[in-house]
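In: Fold the stuff below for me.
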Amino acid sequence: MGVLMASGAQLNVAYGSDMWVMYFTKWVGDYAVEVGRAQLSVSDGERSAYLSISRTEGGLEGHPSLYAPDDSEARLELVREHDVFLSRARMKEVVARAKPNQSVAFTWRPVRGPEPVLVITKGVPSRSDVLQILEALGAPPGGFFNMTDDYVVGDGDRLRYRLRLTLARRFRRDLDAEEELRLKMTPPRRLGDLPGDV
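Out: Modelled structure (predicted):
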């Protein structure tokens with residue numbers, strides 16, 4: 001399941017099918033990412049996974065580490081969620097993986113979105129319409145229906161974000177720790193907004 005959100009309008013055509021106009025474009029303003037805790041950890045006594053994170057300009061950076069005697073794995077995922085009617089769309093992005101006794105660096109920044117795409121459909125978009133829209137937005141052919149990995153068109157403040165640090169153990173249940181992220185979007189400053197602008 002996926003979510004497409006865009007500025008749009010419904011045109012009520014007399015004695016005919018209504019038309020929908022949607023405009024997708026990249027975000028040209030600023031992003032700010034807020035995170036509550038600067039560290040996450042999960043351990044089962046023998047194995048320990050740690051994550052240190054810090055904010056950068058418009059994103060995050062950090063280091064997941066794993067201390068383990070076997071072939072366990074520490075996996076850092078960014079989980080995006082959005083409520084859709086009575087269900088919930090969830091997209092997972094693996095940001096980094098650490099092997100035993102390894103520390104790796106990662107940098108994450110929000111996806112700004114596609115080049116401008118104007119979509120006009122007759123009535124509510126059909127499945128074939130959705131596939132064409134996805135391909136126009138850069139998704140692999142077949143769209144959501146053929147994807148093995150989640151595909152992100154763009155990030156925005158309508159979604160909920162969580163960082164999940166998982167200690168993946170062979171033949172045993174995974175252990176994880178999570179922290180919520182908040183994404184703030186600031187529109188670009190327009191000429192004339194400040195004194196002295198010409």
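
In: can we go C-alpha only for contacts and neighbour counts from here?
Out: OK.

In: For the protein, which segments count as helices?
Out: Along the chain, the stretches classed as helices by DSSP state H are 127-136.

In: how does it divide up, domain by domain?
Out: Using automatic domain parsing, the domain parsing of the chain gives 1-29+114-153, 31-109+156-185.

In: winner for burial among those?
Out: domain 31-109+156-185 (a mean of 17; mean count of other Cα atoms under 10 Å).

In: What average pLDDT does that domain get?
Out: Looking at domain 31-109+156-185 alone, the average pLDDT works out to 92.

In: what's the spacing between it and its chain's center?
Out: Domain 31-109+156-185 has its C-alpha centroid displaced from the chain centroid by 12 Å (Cα atoms, centre = their mean, to the nearest Å).

In: cool, stretch 180-188 as well?
Out: 12 Å.

In: now stretch 19-29
Out: Centroid separation for stretch 19-29 versus its chain: 18 Å, with Cα atoms, centre = their mean.

In: what's in contact with that stretch?
Out: Contacts to stretch 19-29, defined as Cα atoms under 8 Å, 6 or more residues apart in numbering, come from residues 6-13, 112-124, 154, 185-189.

In: And that stretch, end to end?
Out: Using Cα to Cα, to the nearest Å, one end of stretch 19-29 lies 30 Å from the other.

In: Then stretch 150-165?
Out: End-to-end span of stretch 150-165 (Cα to Cα): 18 Å.
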